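In: 3D model of this:
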Amino acid sequence: MPDDRTPSMAKLLRLAPQLEVADLRRTIVFYVERLGFTLCASWPQADPSWCMLERDGVQLMFVHGLHAGKPRMSGKLAFVTDDVMAVHERVRRHARIVYGPEVYHYGMKEFALEDPDGYMISFGQETDEPPTCPAEERSDS
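Out: The predicted structure follows:
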C-alpha cells in the first residue's frame, strides 16, 4: 500500500498510437474508406502532416514528415471486434491479407492485413470454435 511519500499512479485513459506514414492522404483514404474510421482532426489545415482518426472509441494518429525515417514497426496493431468475418469481408479485396482468417489455439478467430505503409493490422474475435490451423503455424501470437 502506498504511503504519504509515494505519489499515486495516474490512471491511463486510452492509447492512441502515432505512426509515421509515407503519404498521409493515402493513409486517410485507406482507413476511412476501407476500415470505417472517421477523420477527427488534421493539422495544418492547408497541407496536413498529422491527423487523428477514430472508430468505435479507438483512436489512431498518423504523421508524415515530422519524424526521421521511413514508416516501420516491429509489431502489429491488434483490434478485437465483435464480427471479424464482417471486417474481413469489407477489406479483403482492398488490402493484402497477411494471414487468416483462421481459428487459433488461443481462442481467437483472426486475420491480419497490411496497410498502405506496410503496418500489420490484425482483427480478432474471441471464439469457442475449434482451431482450424496448427498451433505452431504462427509465431507472432
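In: now Lys70, what's its secondary structure?
Out: Lys70 falls in the coil class when you classify it by DSSP: H, G, I helix; E, B strand; the rest coil.
In: okay, it: pLDDT?
Out: On pLDDT, Lys70 comes in at 72.
In: list the contacts of it.
Out: Glu20, Ala22 (CB atoms under 8 Å, 6 or more residues apart in numbering). For the C-beta atoms, the positions are set from N, CA and C on the backbone; glycine is no exception.
In: any idea how far Met85 is from it?
Out: Distance of Lys70 to Met85, computed by CB to CB, to the nearest Å: 33 Å.
In: low-confidence stretches in the chain?
Out: 1-6, 67-69, 71, 136-141 (pLDDT under 70).
In: do that again at 80, thanks
Out: 1-8, 66-72, 135-141 (pLDDT under 80).
In: list the helices and strands the strand of greatest length in it packs on?
Out: Assignment by DSSP state E gives strand 96-104 as the longest strand of the chain. With contacts taken as 3 or more CB pairs under 8 Å, 6 or more residues apart in numbering; DSSP states H and E, strand 96-104 sits against helix 84-91, strand 108-114.
In: tell me how far the longest one lies from the chain's centre.
Out: Right, the one you point to is helix 84-91. 14 Å (CA atoms, centre = their mean, to the nearest Å).
In: quick one: the helices in this structure, in order.
Out: Along the chain, counting by DSSP state H, helices occupy 24-29, 84-91.
In: would you list the ones you listed in JSON lines and tack on distance to Arg14 and mean neighbour count?
Out: JSON lines is the format used below for those (distance: least, CB to CB, whole Å; neighbours: other CB atoms under 10 Å):
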{"stretch": "helix 24-29", "distance to Arg14": "20", "mean neighbour count": "17"}
{"stretch": "helix 84-91", "distance to Arg14": "21", "mean neighbour count": "16"}
